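Engineer: here's my sequence, what's the structure:
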Amino acid sequence: MDRLARRLGELCDAQPFSTSWYVRDLVTGASADRAGAVPTPSASTRKTSIMMAAFKAVHEGRLDLDEPVTIEAEYQKGVASGTFHHLTPGVRIPLRDAIVHMIITSDNVSTRIVVDRVDLDELNAYCRDIGLEGTVHRFKIPPLGLPWDHPAEAVTTTTPADQGRLLELILAGAADEKAAAFLGSTSRWCAYALDILSWQVHRSMIPALLPFGARICNKTGRGVRGRSDAGLVYRGDRPAYVLTAFVDQIRDELPDGMPGWSAAVGLVAKLSRACWEETGK
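Structural biologist: Take a look at the predicted model:
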């Protein structure tokens, strides 16, 4: 783990932006981080906690995944993420599909629908209850038009360690009912959450340099300040490592003329490749 931490640090130090991360080898249990407890804009990595809070409400009988919901024009206003804001209003889907699209395409129409049913106060209480002390949900979806250098507190914030902890809790819950109960859920819902995360459409960061077909359960994030990804990576059928990475304060254009966002996603892919080479064996 010391060697891996040095490799990750060197990759980050070579870039003209700020990167924080958390990694755990799921075979040895060893972990390391870089500013792992420092709050940073969460972007859409926050949606994993929204999903788990929704499954808690399902387990308690307060939500029904078969409830039909309508993609109304009001839900589509001010949305710049996902696909449903491009659809003709009036499409009806079950709540289950809204949760799926909130994760796999990061659809913010779906996010609004889900957070209408699991409100911000409940979300923040849930995060505190399961130990995500650095995670604060401030909006149903992030406001548009923020400058690239907006303060972190203008959006939802989290920490690399929080997102790593959440993935580890879900993994444990999928195998053990007592662990699932800590999340207010059951092993069934934890296993389903991992399946949904494994259907992720956006593959340019943690999965990008890994073997094709590897099982990767991840949630990406995109904001005007940065790019992020939080994922659980398997080697065969065995969990190998958790990596959460948050690239922040990215300018539109880097000194070499390249777009900042492309360097950011490339960096996260390289961090994940280093983890693949050093962990889970």
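Engineer: now the strands: where do they sit in the stretch 101-250 of the chain?
Structural biologist: 157-158, 216-222, 227-235, 238-248 (DSSP state E, counting those that start in this stretch).
Engineer: what is the longest one packed up against?
Structural biologist: Counting contacts by 3 or more Cβ pairs under 8 Å, 6 or more residues apart in numbering; DSSP states H and E, strand 238-248 is packed against strand 18-25, strand 40-41, helix 160-175, strand 227-235, helix 260-278. All C-beta spots, glycine's among them, are computed from the backbone N, C-alpha and C.
Engineer: would you put the C-alpha positions of the longest one in CSV?
Structural biologist: By that I understand helix 260-278. Taking C-alpha atoms only, helix 260-278 is exported to CSV below (Å, rounded to 0.1, in the frame of the first residue of the first chain):
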residue,chain,number,x,y,z
GLY,A,260,-8.8,20.4,-18.5
TRP,A,261,-11.6,17.8,-18.3
SER,A,262,-9.8,15.4,-20.6
ALA,A,263,-6.7,15.5,-18.4
ALA,A,264,-8.8,15.0,-15.3
VAL,A,265,-10.6,11.8,-16.6
GLY,A,266,-7.3,10.5,-17.9
LEU,A,267,-5.8,11.0,-14.4
VAL,A,268,-8.5,9.0,-12.7
ALA,A,269,-8.1,6.2,-15.2
LYS,A,270,-4.4,6.1,-14.5
LEU,A,271,-5.0,6.1,-10.7
SER,A,272,-7.4,3.1,-11.1
ARG,A,273,-4.9,1.2,-13.3
ALA,A,274,-2.2,1.7,-10.6
CYS,A,275,-4.6,0.3,-8.1
TRP,A,276,-5.4,-2.7,-10.4
GLU,A,277,-1.7,-3.5,-10.6
GLU,A,278,-1.0,-3.1,-6.9
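Engineer: any buried residues in it, and which?
Structural biologist: For helix 260-278, burial by neighbour count (16 or more other Cβ atoms under 10 Å) applies to 260-261, 263-276, 278.
Engineer: repeat for the fourth one
Structural biologist: Within strand 227-235, the residues that qualify as buried by neighbour count (16+ other Cβ under 10 Å) are Arg227, Ser228, Asp229, Ala230, Gly231, Leu232, Val233, Tyr234, Arg235.
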